[in-house]
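A.B. asks: Here's a sequence, model it:
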Amino acid sequence: MKIFKNKTLGFGKPRLLIVGCGDVGMRLLPLVRERFRVFAVTSQPERRFELRAAGAIPIVADLDRPRTLARLKGLAHYVVHLAPPPAQGALDLRTRNLTAILPEGAHVVYISTTGVYGDRAGALTPETTPVAPRNARAGRRVDAERVLRAWALASNGKVAILRAPGIYASDRLPLERLQRGTPALRAEDDVYTNHIHADDLARLAALALLRASPGRVYNAVDDTRMKMGEYFDAVADAFGLARPPRLARAELEATVSPMMLSFMSESRRLVNGRIKRELRVRLRYARVEDFLTGEMTDRER
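C.D. replies: You can find the predicted model right below:
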């Protein structure tokens, strides 16, 4: 599906810089490479051939090493920032290093996380909900959002923030977890979880380059209304696996990692009206069930 009808803006292709060109970035490339001259940042020199074959000009640089970013200074007026924050600390130093090389007036799309809202006890959560991160990972995302907003104000730039939930795709499903028989929460203790297919997130990033309002936040989520255990059950059914056993929260705490437990301690139902009204997106997979039905059909062929 083409996002942009015209191939160029002005007298030539504008430059787009994709920072953190992993799975979602690779899915983004086919959507933007006809309209933009695309540069993709990687810290792994061995990925240069892969990126070039996908239509990008690879640049080896490392957001953790500011001196390697010098060649990026002022390179592109359009930027999709997909790089995660560092694994430790209260601040996102990577985003700080990135803003130091952005030109004035640049247009940045940042992929953040819905984890910035913290636990909402299952409540409906629009973008106007105040952030309340409950762990350091989400706190670093809040820091990155604030850094980008401050940069935009100081440099006459534009930033759009896409807050993404759990990203899934054919190769991003909890199959190993199900095969191990890792328990899930019993229904009365379970939490609402939110989803977006990796292809749809890439599509949203492309649309945000064109249609997002400056300073706007968007919940980049689909229409799924599932609790976490229901999601695991649905995936298990689609792949012919046993559904996970259910445990009370107190029992589960002894069997899962602290990171998984943190995901099981936050419940929210994200409202996605803005991406439909303002970005005018048509999701390829409006619900996880739509994707899993297709997976089951493919397996039966």
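A.B. asks: rest of the way, CA atoms for contacts and neighbours
C.D. replies: OK.
A.B. asks: Could you point out which residue ranges in the protein have low pLDDT?
C.D. replies: 1-11, 296-301 (pLDDT under 70).
A.B. asks: Show me where this structure has its helices.
C.D. replies: 23-32, 48-53, 93-99, 136-155, 175-180, 198-211, 228-238, 249-252, 258-263, 273-277, 288-300 (DSSP state H).
A.B. asks: Most tightly packed of these?
C.D. replies: Among those, judged by mean count of other Cα atoms under 10 Å, the one packed with the most neighbours on average is helix 198-211 (a mean of 22).
A.B. asks: which strands and helices sit next to that helix?
C.D. replies: Under the contact criterion of 3 or more Cα pairs under 8 Å, 6 or more residues apart in numbering; DSSP states H and E, helix 198-211 touches helix 23-32, strand 107-113, strand 158-164.
A.B. asks: Hmm, Gly105 is touching Leu153, no?
C.D. replies: No - the pair formed by Gly105 and Leu153 falls short of the contact definition of Cα atoms under 8 Å, at 9.8 Å.
A.B. asks: Take the helices of the chain and lay them out in TSV including distance to Ala169.
C.D. replies: Listed next are the helices of the chain as TSV, based on distance: least, Cα to Cα, whole Å:
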stretch	distance to Ala169
helix 23-32	10
helix 48-53	20
helix 93-99	27
helix 136-155	22
helix 175-180	12
helix 198-211	6
helix 228-238	11
helix 249-252	26
helix 258-263	19
helix 273-277	20
helix 288-300	9
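A.B. asks: Please name whichever of those is nearest to Ile111.
C.D. replies: helix 198-211 (7.9 Å; Cα to Cα).
A.B. asks: so that closest one versus strand 107-113, what angle?
C.D. replies: For helix 198-211 and strand 107-113, the angle between their directions (axes from the mean of the first three to the mean of the last three Cα atoms, to 10 degrees) works out to 150 degrees.
A.B. asks: Direction-wise, compare helix 198-211 with helix 23-32 and give the angle.
C.D. replies: Comparing the axes of helix 198-211 and helix 23-32 via the same axes, to 10 degrees yields an angle of 50 degrees.
A.B. asks: how much does helix 198-211 deviate in direction from strand 158-164?
C.D. replies: Counting by the same axes, to 10 degrees, helix 198-211 points 160 degrees away from the direction of strand 158-164.
A.B. asks: Good, wrapping up.
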